[in-house]
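J.: Have a look at this prediction, sequence included:
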Amino acid sequence: MMEGYIVTISITILIYMLLAGGLSLQYGFTGLINFGHVGFFAIGAYTSALLAMQGVPILICMVAATAFAAVFAFPLGMIALRLRGDYLAIVTLGFSESVRMMLQKEEWLTHGVHGIPGIPRLFGNGPSADLWILATLVIVNIIVFAGIKGIIKSPFGRVIGAIRDNEVAVRALGKDPARFKTRSLAIGAALAGLAGAFQAHYLTFISPEQFVPLITFYVWMAIIMGGVNRLSGVVVGTVMLVGFLEGSRFLREIFPGVSEVQLSSVRFWIIGMALICTMLYRPEGLFGERKTVKK
């Protein structure tokens, strides 16, 4: 039983790692404050689920989910990426909530708040299906993070890094920052869509309540604690956060008198204190580069 629980936590961590990789590219390497990441997560999950329920092969469903999430990012990017800082954050947050409201209201398509049950499971329901899903996610994450590393070292990556550091200078050199930021947003959205497809075909049930803004802020916590512009930090931060959130459920066995509500409050308090301490004593994250000021 413990082995199955560890596999379940590992799968959850790897799904969140795809989300964190996309958000790290957007914020850590481009400087985009995206508070609507969960919206693309939901788009990917529902796209793959709805296609699979019509008999489309799961692999094609997942590719379509990835592409559809990326396509959704382009119109949002053209509108929102002309904004900066807090305004961009507000627009993207509004986008994710609009997606969730649409999933709740369009019952003819999404079954509303009742969700979509019976989604075909990746690798079926055999005894080793979870291990196959885990192995697939490990391989996908290796490919994704290798791809992100390649993007960062490419000419495109150098331009988005320059946009993050000094957008005015990039514009003065004749580059169009909006075009590069839109592409960065689309790549991150595609990874969120892929994560959503894995979520749908692993849980076999999705509903709008699974895609609340709290998911976005979990991912933000993971990349901030690990280091927003370090891929190793993204990996470690995700493992630490999701591992703690899921593993701390065993605390009820250690403290039997503590209710589930109280335990949930304690978990959030510990995460909040960890985030505050990180921002105070290690604002660049555990693996981020410490900035030194020359006197």
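T.: Received the coordinates, thanks.
J.: What about the closest residue to Val159 other than its chain neighbours, how many residues nearby?
T.: Leaving aside its chain neighbours, Val159 sits nearest to Phe180 (5.3 Å; criterion: Cβ to Cβ, 6 or more residues apart in numbering). Yep, even glycine has a C-beta here, placed from its N, CA and C like the rest. Using other Cβ atoms under 10 Å, Phe180 is surrounded by 20 other residues.
J.: Phe180 contacts Arg158, doesn't it?
T.: No. With contact defined as Cβ atoms under 8 Å, Phe180 does not reach Arg158; the gap is 10.4 Å.
J.: give me the element Gly196 is part of.
T.: Assigned by DSSP states H and E, Gly196 belongs to helix 177-203.
J.: Over to Ile163?
T.: Secondary structure (DSSP H and E) places Ile163 in helix 155-165.
J.: what's the offset of that helix from the middle of its chain?
T.: 21 Å (Cα atoms, centre = their mean, to the nearest Å).
J.: Which positions in it come out as buried?
T.: 157, 159-164 (16 or more other Cβ atoms under 10 Å).
J.: Just the mean pLDDT for it, thanks.
T.: In this model, helix 155-165 has a mean pLDDT of 89.
J.: on contacts alone, who are the packing partners of it?
T.: helix 167-172, helix 177-203 (3 or more Cβ pairs under 8 Å, 6 or more residues apart in numbering; DSSP states H and E).
J.: just so I know, which of these lies nearest Gly22?
T.: helix 177-203 (3.4 Å; Cβ to Cβ).
J.: Need the per-residue pLDDT for the residue nearest to Val159.
T.: Taking Phe180 on its own, its pLDDT is 88.
J.: again, but for Gly22
T.: 93.
J.: Roughly how far does it sit from Thr238?
T.: 12 Å (Cβ to Cβ, to the nearest Å).
J.: How about the secondary structure of Trp269?
T.: Under the three-state scheme (DSSP: H, G, I helix; E, B strand; the rest coil), Trp269 adopts helix.
J.: The helix or strand containing Phe72 relative to helix 177-203, how many degrees between them?
T.: Assigned by DSSP H and E, Phe72 belongs to helix 58-80. Helix 58-80 and helix 177-203 are oriented at 150 degrees to each other (axes from the mean of the first three to the mean of the last three Cα atoms, to 10 degrees).
J.: and helix 58-80, what does it pack onto?
T.: helix 37-53, helix 85-105, helix 177-203.
J.: quick one, which of these is nearest to Phe145?
T.: Of all the helices and strands packed on helix 58-80, helix 177-203 comes closest under Cβ to Cβ, at 10.1 Å.
J.: Just the buried residues of the closest one, please?
T.: 177-178, 180-203.
J.: just checking, what packs against it?
T.: Looks like helix 177-203 contacts helix 2-23, helix 37-53, helix 58-80, helix 129-153, helix 155-165, helix 167-172 (3+ Cβ pairs under 8 Å, 6+ apart).
J.: Just give the number of residues close to Met279.
T.: 13.
J.: what's it in contact with, if anything?
T.: Applying Cβ atoms under 8 Å, 6 or more residues apart in numbering, one finds that Met279 lies in contact with Ile224.
J.: what's the average pLDDT for the helix or strand containing it?
T.: Assigned by DSSP H and E, Met279 belongs to helix 260-281. What helix 260-281 shows for mean pLDDT is 77.
J.: In it, which residues are buried?
T.: 271, 275, 278.
J.: If we ignore the residues flanking it in sequence, what's nearest the last one?
T.: Here the nearest residue to Thr278 in space, its sequence neighbours aside, is Met225; by Cβ to Cβ, 6+ apart that works out to 5.1 Å.
J.: count of residues packed around the one you found?
T.: If you count neighbours by other Cβ under 10 Å, Met225 ends up with 26.
J.: From here on, call the first residue 119.
T.: Noted, 119 is the first residue going forward, which turns the last one into Met343.
J.: how far away is it from Glu327?
T.: 26 Å.
J.: circling back: any chance of the helices and strands packed on helix 295-321 in CSV, plus distance to Gly236?
T.: Formatted as CSV, the helices and strands packed on helix 295-321 follow (distance: least, Cβ to Cβ, whole Å):
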stretch, distance to Gly236
helix 120-141, 20
helix 155-171, 8
helix 176-198, 14
helix 247-271, 16
helix 273-283, 41
helix 285-290, 47
